[in-house]
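K.L.:
Provided below are the primary sequence and the corresponding predicted coordinates.
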Amino acid sequence: MTSPQIVMALGFVAALAATLRIGRFGLAMFFLIALIETFAGLRYPFHSVVRDAILGLSHDIPKRQLQFYMLVGSALVCGLFVALSFRAFARLPASGRWMALGVFLTCAMLVVELISLHQVDRMIYYWLGPATFTNYVYLVAGLLVGYGALIEFRSRGGGS
């Protein structure tokens, strides 16, 4: 087990434990899968299969150009999603907003990793101490979900 795996696992375990505690089993499953693929080394084979499948869709567009289009398209879809869900997000209780932010951050990082534009890869895989920037993003995302779940647990009357 390497230190980047430990950093990511801390966030995923925090989110998993907290979501199980409050009975959010869908979120718990999401972070359980993330935890398993972190240790089983499934991210890179999955990444390769999906990337090759997407790049194989168009033989006339160079790989780098297609990746750029995918990154811009993902940003536009993300922006549209945020704009359309702003009212629903604003109506969520504080716990739901924290958890949604953590899940959103996790999914956004997965999309950026999947697209794998080399200029972006140099930034997201930059080493900061014992782990990379990406590992810390996953840690923060997991802690955000865990914090939101803790707020929900306390608002239900759990804990002291």
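P.N.:
Thanks, I have it. A quick note: this is a predicted structure, and the numbers were derived from the prediction, not measured. Residues are numbered from 1 along each chain as shown.

K.L.:
got the contact list for the nearest residue to S155 once chain neighbours are set aside?
P.N.:
Distance criterion CB to CB, 6 or more residues apart in numbering; nearest residue to S155, sequence neighbours excluded, is S95 at 6.6 Å. The way it works is simple: take the backbone N, C-alpha and C, and place the C-beta from them, glycine included. Contacts for S95 were tallied using CB atoms under 8 Å, 6 or more residues apart in numbering; they are 148-152, 155.

K.L.:
now, which of those sits nearest V137?
P.N.:
G148 (16.8 Å; CB to CB).

K.L.:
doesn't the closest one fall inside a helix?
P.N.:
Yes - per DSSP: H, G, I helix; E, B strand; the rest coil, G148 lies within a helix segment.

K.L.:
so which strand or helix has the closest residue to it other than its chain neighbours?
P.N.:
Distances taken as CB to CB, 6+ apart put W98 closest to G148, at 3.0 Å, once the chain neighbours are dropped. Here W98 sits within helix 94-115, counting by DSSP states H and E.

K.L.:
need the contact partners of whichever helix or strand comes after that helix.
P.N.:
Per DSSP H and E, the first helix or strand lying C-terminal to helix 94-115 is helix 118-124. The contact list for helix 118-124 (CB under 8 Å, 6+ apart) reads 64, 71, 109, 112-113, 132-134, 137.

K.L.:
since that was my last question, I'll sign off now.
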